Every structure is written in structure tokens, then in C-alpha cells.
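Engineer: I'd like to go over a predicted model; first the sequence, then the structure.
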Amino acid sequence: MRILTVTRWAALLTAATVAVGGGLWLRSVPPKPVASTLPAPAMALNTVPWEGGPAAYKGSAAAVRAGWTRPGFFPVGLWFASARTGREIALDRAAGINTYVELTDGSRPDLLRKSGMTALTSRPLPGAGAETVGWLIADKADVWAGPGDGHWTGARGFTTKPVCAPVLVTCGYTVMRTLAGRLPKGDRLRYASFGKGVAYWEEEALAAKFVNGYSDVVAADVSWYGDPNVCAEATRWLQLPAAQCRLAANYGATVERLRTLDAADGRRQPVYAIISLSGLTPEQVGGAAMSALIHGARGIVYDAHGTDPACEVDNVLRRACGMAVRHGVAELDRRIARLAPVLNTQSYAYDFAPELDTMLKRHDGAYYLFAMLGRGQAPGPRVLTVPSDLSAAGHIEEIFEDRTIPVDREGHFTETFDAEHSYHVYRIAP
């Protein structure tokens, strides 16, 4: 059991500025390649290890029945929302949401079934049925309980009541075991989200114990754009310059951290990215989501609770003050839905440009390149190099801007990234 002084752990719980162990930050380095599972690839490239895409859900009959194993399904969730009326659900569906991750009291599972929505909840709601594909074990127990096997009092979150007893110990693993053990038995998925503890407070071995052994799906939840404390913490514990804190690229780096931890036990599970919408611009939301996808996120979950004084509401996607970000989310989700069959394939390991974060996939006879600036890179033009097998294509298509870009004989082309959150998605037809 790991013992902490009262002063150290109290500081962590109140100011969230203490690292439990020597926190590690893993820059986006592709995992060690494994043998390809892609059908007859035309290029001699290794592939990035993955959990299997939609096949990762085949072990859950509930997920199979709900259509989660379809190549065209990609989870886009909404965190802790109400679904009490058909109007609420219709608003969410129109914004591209297909899944609720936790629901408020009074939500109606029957309405979810009628609308084709799915849900992951911490308990069976009255009338729950086929729409409930999984259970939420815990939300950020790594943050409020810490890495340890101490006694859990039953308190959750940052409350005045002690979470662990005695106060000198931590009990996050006990929380995970206890809550997982209370969930209904059966064929539904088990989901857990993790925050700053797993992302950077805790050393790798301690963080890995949270990610492995309890769940079928995990999610990364660090608000790099919106959290008022995250930059001071990142500077102290990650040696991350303050100028490199509030960037879309950090959302992808956090997903990469969880994917690396998840691989430690040899059993990979889908890793989702949670994006808090409060105070963000539509462009920041798009950049955060795209960075997460490039780094292997298998789902996107929006936290729509408004904490910004200009839009302090229960759900910014349903309120007038959040219309700008709603329009941005809806457009982003349309793009994700369009790309779902592509996103649900294994990625190739290839570096198009050292200063960019990129992802290469193959679907239906074409290749798809996703690209955006790496952390700390200034906006502007960049030269990308396509694999030699694809340079004969002569051009590539930017699919969301309806334009064609020439590729020279050496496989080079130039693209401009106007801001740190800018991204481009290309189709390359050999």
C-alpha cells in the first residue's frame, strides 16, 4: 500500500497540483509495430497495434445487438446528460450524438430505444433494456481516491467527507474493485474514465493499475483548453512549457498515454477521449477531437456542462448561448460519421513530416491521411512526403475542402496549417 502524508494528499485533492510518484509524459511515439491484420495492403508498411476496432466489442452481446460492431458505427457520446423527453434526445441526435455516457435521474431508456440511441450508465435505470450497452464503473477515481488499496469510506469526489480511511492512505484501486463488483453480471461492456492522476500525476506502474483489469473501455479526461490549473501542473510535473499547454495536440498526447498504459497487460481495449466544451471555440473542439483520433481514440465523448460565466448552463449544446459550439460539434460529428468506416480500420505506421502528427489508413481501395501540427509547432506551411508506393498518384484530395493538391515525383506536397488546432484529411487514390 502506498502511504502519503496528509499534507501531500490534501494538496492533491484541493489544488490538484501534486503528482503521486514521478509523473511521466509520453510524447506521441507510435507503439512497436505488429503484424498487419489489414487485407492485402499494397504497401510494405507496418501497422500500429490496436484493439481491433469494432471487433473489440464482439465479446459483448449487448454491444453486438446495438450495432456497435458495424464498420459504420463510431461512438460519439454525451457525458451525464438528461434524456427525459423526445425533444432533448432529438436535439442531441441532430448534433451527431449516438450514445449517452451516464444519464441523470428521470431519464427514459424507452425513448432512447425508440430513437436508436445507446447508453453506458452506472446503474440500471427504470425501464432499461437493449439501449444500455454497458456500465460505468467510476469517473476519475484516480483523481479523487488516488492509487492505493486502502479502505474506501464510500464517499466520492471532492467532498468534505474522507474518501479513504485512515486519511494517510489512498484507495482508488479499492474503489474500482468495489464498484466493478457491484455492477450487474452479464454481457454488457464496462467503462471507466480517468483524469490527471493517470494522465500525469502518477508514475507509469501506478497509473497502469487503474487502466488494466477492470474495464472493457477506458476514457481520457483532461481539459487542456479549459482547466484553470492544468498549465501550472503540466509545467511542474511534465516540464511542459506554458506556451505548449493549451493546445489541441495535448488531447492526442493524453490518449497516447492511456494507450501505452493499456498495452502493459497485453490486452488492448478501446480508448475514448472526453472533451469539455465549456468556453471552447468550435475550432478548438475540432482540433482536440482530431488530435485524439489521430492518436488512436476509438470514441469521442463531449462534456457539455457549461462552467463559463457567459454560458453557465446544464448543457451548452441545448442552450442559445452555446449555439456556436453546437454548430461546430454538429459539423465535426458529420465528418466523424462520414469517416467512421475509415476510422474503424487499423492504422499504418508512417511519418509524413517530423513536425506533424499524422495518421494513415486504408479503406475501400484508397488511403486516408489525417494531419495536424505537433505540439509546439508554429502555424504555417509544411512539406509532407507520401510513401513511395503512393507518389505515382500525382495528386491528393482534401476531402473537407473540395480541393486537389499536386504531389511531385518525389512524393512531396505542401500544405498550410493556419492555427495550432487546424487539421486536414486527405484521400489518396493509387
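Structural biologist: Everything's here; your move.
Engineer: residue boundaries of the strands in the stretch 201-350 of the chain?
Structural biologist: 217-220, 271-276, 299-303, 347-348 (DSSP state E, counting those that start in this stretch).
Engineer: and of those, who's closest to Asp408?
Structural biologist: strand 347-348 (21.5 Å; CB to CB). Placement of C-beta: from N, CA and C, glycine included.
Engineer: Can you list the strands that whatever helix or strand comes next after the closest one pairs with?
Structural biologist: Moving toward the C-terminus from strand 347-348, the next helix or strand (DSSP states H and E) is strand 356-363. Counting by DSSP bridges, the strands paired with strand 356-363 are strand 347-348 (antiparallel), strand 366-373 (antiparallel).
Engineer: and Arg326, which of these is closest to it?
Structural biologist: Using CB to CB, the nearest of these to Arg326 is strand 366-373, at 22.8 Å.
Engineer: Low-confidence ranges, this structure, go.
Structural biologist: For the chain, residues meeting the criterion pLDDT under 70 lie at 1-43.
Engineer: Dump the strands of the stretch 201-350 of the chain into CSV; add distance to Thr121 as well.
Structural biologist: CSV is the format used below for these (distance: least, CB to CB, whole Å):
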stretch, distance to Thr121
strand 217-220, 13
strand 271-276, 16
strand 299-303, 14
strand 347-348, 31
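Engineer: burial measure for Asp142, as a count.
Structural biologist: Asp142 has 30 neighbours, counted by other CB atoms under 10 Å.
Engineer: Leaving out sequence neighbours, find the closest residue to His327.
Structural biologist: Distance criterion CB to CB, 6 or more residues apart in numbering; nearest residue to His327, sequence neighbours excluded, is Pro282 at 6.6 Å.
Engineer: and the one you found, how many neighbours does it have?
Structural biologist: 18.
Engineer: gap between it and Ser276?
Structural biologist: Pro282 sits 14 Å away from Ser276, going by CB to CB, to the nearest Å.
Engineer: now Asp357
Structural biologist: Look at Asp357 and Ser276: by CB to CB, they are 21 Å apart.
Engineer: Ala220 too?
Structural biologist: Computed as CB to CB, the Ala220 to Ser276 distance reads 12 Å.
Engineer: more crowded one of the two?
Structural biologist: More crowded of Ala220 and Ser276, by other CB under 10 Å: Ala220, with 28 against 24.
Engineer: OK, contacts around that one?
Structural biologist: For Ala220, the contact set (CB atoms under 8 Å, 6 or more residues apart in numbering) comprises 193-194, 198-199, 251, 254-255, 257-258, 271-274, 292, 297.
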